[in-house]
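>>> 3D model of this:
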Amino acid sequence: MAIQSQHKVDLLKDEFVFLQSQVDKFDKLSANIKTWVVTLWAASIGWAIQIDQAKLLLVSIAVIILFWFYDAMNKNYRQNYSDRLHAVGRYLQHYFKTGEVKESVVSPKFPTHHWLGIFRRGLSLHIALPYLVLVFLSLVLIVGI
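Numbers count the residues shown, from 1 in each chain. You can find the predicted model right below:
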């Protein structure tokens with residue numbers, strides 16, 4: 001039994017709204033991750049300086065690496081939802097231009113997440129740069145103490 005075109009369009013619209021909410025959620029989470037990493041990094045730096053232990057600065061680097069991985073995972077998930085969001089947007093755009101729904105359209109179709117994507121995203125400059133700066137500052141402080 002084939003799904004009626006209008007029902008497919010309604011499903012696509014609902015999926016579009018859901019996907020947009022997911023992308024927004026991951027954007028907020030990314031900002032929170034960066035806030036927490038700076039807070040915990042500064043606390044670990046302050047603690048290491050206060051008790052005059054350069055080895056404790058390694059804790060700050062561990063904090064950075066953990067949050068870097070978490071942010072990369074978050075960005076990977078966000079991008080997967082974003083890719084599907086753009087695909088649904090193209091389907092809806094085609095529908096509004098032509099009044100036809102492509103037979104190949106499947107909705108809902110939720111993205112799959114791959115672990116290798118996390119490492120690729122984590123090494124991209126716009127994600128890695130804040131963490132690399134913090135690691136560099138930690139290393140400078142280790143040498144300085």
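>>> rest of the way, CA atoms for contacts and neighbours
Noted.
>>> Show the pLDDT at Glu103.
Note on Glu103: pLDDT of 76.
>>> same check, this time on Asp10
For Asp10, the model assigns a pLDDT of 88.
>>> That one: helix or strand, and which one exactly?
helix 5-50 (DSSP states H and E).
>>> Show me how far that helix is from its chain's centre.
Put simply, helix 5-50 sits 6 Å off its chain's centre (C-alpha atoms, centre = their mean, to the nearest Å).
>>> who does that helix touch, helix- and strand-wise?
Where contact means 3 or more C-alpha pairs under 8 Å, 6 or more residues apart in numbering; DSSP states H and E, helix 5-50 is packed against helix 57-98.
>>> again, only using 10 Å
The helices and strands touching helix 5-50, judged by 3 or more C-alpha pairs under 10 Å, 6 or more residues apart in numbering; DSSP states H and E, are helix 57-98, helix 125-144.
>>> what is the orientation angle of that helix with helix 125-144?
Relative orientation of helix 5-50 versus helix 125-144 (axes from the mean of the first three to the mean of the last three C-alpha atoms, to 10 degrees): 10 degrees.
>>> now the angle from helix 5-50 to helix 57-98?
160 degrees.
>>> Show me what counts as buried in the helix or strand of the chain with the lowest mean pLDDT.
Across the helices and strands of the chain, mean pLDDT, DSSP states H and E gives its lowest value to helix 115-122, namely a mean of 84. With burial defined by 16 or more other C-alpha atoms under 10 Å, the residues of helix 115-122 counted as buried are Gly117, Ile118, Arg121, Gly122.
>>> Nearest spatial neighbour of the last one, chain-adjacent residues omitted?
Which is Gly122. Ala72 (4.5 Å; C-alpha to C-alpha, 6 or more residues apart in numbering).
>>> Closest to the centroid, which residue in the protein?
Lys75 (1.7 Å; C-alpha atoms, centre = their mean).
>>> so which of the helices and strands packed on helix 5-50 comes closest to Ser107?
helix 57-98 (8.6 Å; C-alpha to C-alpha).
>>> and the angle for that closest one with helix 115-122?
Going by the same axes, to 10 degrees, helix 57-98 makes 100 degrees with helix 115-122.
>>> Now do helix 57-98, average pLDDT.
The average of the pLDDT scores along helix 57-98 is 92.
>>> That'll do, ta.
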